[in-house]
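Colleague: Give me coordinates for this.
(one chain, ligands or ions: 2)
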Amino acid sequence: MTSQFPQALSIAGSDSGGGAGMQADLKTIQERHVFATTVLVAITAQNTLGVQDFMALPTKIIDEQFASLDADLAIKACKTGMLADSIRVHNVVENLTRYDFGPLTVDPVMIAKGGAPLLAEDAIDTVKKELIPLATIVTPNLPEAEALTGLTIENDADMQRAGQQLQAMGAKNVMVKGGHEADPTTASDFVLLENGRSFWLRSPRFDTHNTHGTGDTLSACITAELAKGSDIETAIRTGKAYVSATIAQGIKVGHGHGPLNHWAVVSEE
Ligand SMILES: Nc1ncnc2c1ncn2[C@@H]1O[C@H](COP(=O)(O)OP(=O)(O)O)[C@@H](O)[C@H]1O
Ligand SMILES: Cc1ncc(COP(=O)(O)O)c(N)n1
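Modeller: Residues are numbered from 1 along each chain as shown. Ligands and ions are numbered 1, 2, ... in the order given. As a prediction, the model looks like this:
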């Protein structure tokens, strides 16, 4: 039989507004020419103005989605996004241990841009102890890196320290994202690789409110590239170039923190 087309999996929550969560993952993976599959963990009633409500799904149907995928598809890379609470984090970890869906990108989603919690506070410990040790790469933003490490992050040295702590927790590779930094000109992310190499990825900071779904888009792009067989550094660099393009080539949708342009053309490709 001929080899299967590259397939990737997003394990996440739904954003009814279409800009973040599962929907951002699907759009990104599709744009990167990889076949996207999903395990839905929670449903949010959400738009660009905020999260109005959410409901986590029963673990039985989460188990069944994993089993259905394993029985048929050939998934080569996967990612996690919103996992809601400690019970679901544990449940997803059990399933990721049961099946081989390739390298795992952990986007430790905690709080939506508008401030709504997407992960119960007591689940942070479960993420640290159970999920991060499975991660091929973990991609926290600054508030998430602070919550996971207990550090206060105010400068480049703090971001590097957070990266080292997250690697010590068991993540092979770490990308500490600086989207929430105060720097008005540059968006800088710190990358620490499994082989000990580290570097900064910097792009111009675009003056826009349309940054809903940036973290999901970056981590989904990394996942898609890993599904195609890219090495981790190439996947990370492509992810940064793609998310920058989706912000730079913005579209106007909604009345709050608008979504990204997932059709954006990445110039260096
Ligand atoms: N205004 C911006 N201009 C350019 N890049 C940005 C901007 N905001 C975020 N980014 C980039 O988007 C990616 C996601 O970062 P961040 O916003 O920190 O994540 P999250 O969505 O998880 O909060 C990072 O590569 C970050 O540097
Ligand atoms: C269902 C869901 N998952 C994740 C996010 C994070 O979005 P952002 O990337 O803007 O932090 C979100 N707002 N909703």
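
Colleague: Flag every residue of the stretch 1-150 of the chain that's near ligand 1.
Modeller: Within reach of ligand 1 by C-beta under 6 Å from any ligand atom, the stretch 1-150 of the chain has these residues: residue 141. The way it works is simple: take the backbone N, C-alpha and C, and place the C-beta from them, glycine included.

Colleague: Show me where the stretch 1-150 of the chain dips below the pLDDT cut-off.
Modeller: Applying pLDDT under 70 to the stretch 1-150 of the chain flags residues 1-2.

Colleague: so where do the helices sit in it?
Modeller: Ranges of helices in the stretch 1-150 of the chain, per DSSP state H, counting those that start in this stretch, are 21-31, 59-72, 86-98, 123-126, 142-149.

Colleague: Hey, what's the angle from the second one to helix 86-98? Just curious.
Modeller: In this case it means helix 59-72. 20 degrees (axes from the mean of the first three to the mean of the last three C-alpha atoms, to 10 degrees).

Colleague: just the last one next, same as before
Modeller: Counting by the same axes, to 10 degrees, helix 142-149 points 80 degrees away from the direction of helix 86-98.

Colleague: Could you do the first one as well?
Modeller: Going by the same axes, to 10 degrees, helix 21-31 is angled at 30 degrees with respect to helix 86-98.

Colleague: Helix 21-31 packs against which elements?
Modeller: Counting contacts by 3 or more C-beta pairs under 8 Å, 6 or more residues apart in numbering; DSSP states H and E, helix 21-31 is packed against strand 7-15, strand 35-47, helix 214-227.

Colleague: Dump whatever helix or strand residue 167 lives in to CSV, restricted to CA.
Modeller: Assigned by DSSP states H and E, residue 167 falls within helix 156-168. Extracted in CSV, the C-alpha atoms of helix 156-168 (Å, rounded to 0.1, in the frame of the first residue of the first chain):
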residue,chain,number,x,y,z
ASP,A,156,14.9,38.0,28.8
ALA,A,157,16.9,36.3,31.7
ASP,A,158,13.6,35.4,33.4
MET,A,159,12.3,33.8,30.2
GLN,A,160,15.5,31.8,29.8
ARG,A,161,15.2,30.6,33.5
ALA,A,162,11.5,29.6,32.9
GLY,A,163,12.6,27.7,29.8
GLN,A,164,15.2,25.8,31.8
GLN,A,165,12.7,24.9,34.6
LEU,A,166,10.1,23.7,32.1
GLN,A,167,12.8,21.4,30.5
ALA,A,168,13.7,20.1,33.9
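
Colleague: buried sites along that helix?
Modeller: Buried positions in helix 156-168, judged by neighbour count with 16 or more other C-beta atoms under 10 Å: 158-163, 165-167.

Colleague: partners of the following helix or strand past that helix, with directions?
Modeller: Following helix 156-168 in sequence order, the next helix or strand is strand 173-176 (DSSP H and E). Neighbouring strands of strand 173-176 in its sheet, by DSSP bridges, are strand 137-138 (parallel), strand 186-192 (antiparallel).

Colleague: Deepest-packed of those strands, please.
Modeller: For the strands paired with strand 173-176, average neighbour numbers computed from mean count of other C-beta atoms under 10 Å are highest in strand 137-138, which has a mean of 29.

Colleague: Could you measure from the residue of the chain found nearest ligand 2 over to residue 81?
Modeller: Nearest to ligand 2, among the residues of the chain, is residue 21, at 2.7 Å (C-beta to the nearest ligand atom). Separation of residue 21 from residue 81 (C-beta to C-beta, to the nearest Å) stands at 6 Å.

Colleague: More neighbours: which of the two?
Modeller: The neighbour comparison of residue 21 against residue 81 (other C-beta atoms under 10 Å) goes to residue 21, with 29 against 26.

Colleague: before we move on, back to that, centre of the chain to the helix holding residue 167, how far?
Modeller: 18 Å (C-alpha atoms, centre = their mean, to the nearest Å).

Colleague: how many degrees apart are it and helix 142-149 in direction?
Modeller: 50 degrees.
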